[in-house]
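Asker: need coordinates for the below:
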Amino acid sequence: MDVKKNPVSKEHWAWIKLRVLAAGFPSWKPLAEKHGYTKAAFSMTRCYAFPSIEKIIAETIGITPQALFPNRYRKDGRPIGRNYPRVVRLSERKKICNGKNKKTVLHEKEGERGGLV
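Answerer: Numbers count the residues shown, from 1 in each chain. Okay, here's the model as predicted:
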């Protein structure tokens, strides 16, 4: 799985952190806890697209996520995303199960062994 980095410049990230500090959050931890995330998720937003956290940061600062992270959004305002293909992951799962669901595979194994040991 190839997750593409889309980093924000150090200067822009410092500006974002300064604005979050001015909004009353001395670090990422209290903001993350308020919204049910980890502080690592907020820190990773510098290098990786994370639309839900970008929205939280932007609302805290008082601007739109599209204005805060313009290179991560399409012209119509929708997030570009993290660029990892879900279709590929689903097809890999199907290869593992040979097109059968996992319960069917488990029951077949039970029949071969005469039950689970």
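Asker: CA only for contacts and neighbour counts going forward, please
Answerer: Will do.
Asker: and residue 77, backbone torsions?
Answerer: phi 100, psi -10 (degrees, to the nearest 10).
Asker: can you pull out the low-pLDDT segments for this protein?
Answerer: Where the chain drops to pLDDT under 70, the residues are 1-4, 81-117.
Asker: how is the chain divided into domains?
Answerer: 10-72, 85-117 (automatic domain parsing).
Asker: spit out the contact partners of the residue nearest to residue 21 when sequence neighbours are not counted.
Answerer: The shortest distance from residue 21 to any non-neighbouring residue, by C-alpha to C-alpha, 6 or more residues apart in numbering, is to residue 27 (7.0 Å). Residues in contact with residue 27, defined by C-alpha atoms under 8 Å, 6 or more residues apart in numbering, are 17, 20-21.
Asker: for residue 5, give its distance to residue 57.
Answerer: 19 Å (C-alpha to C-alpha, to the nearest Å).
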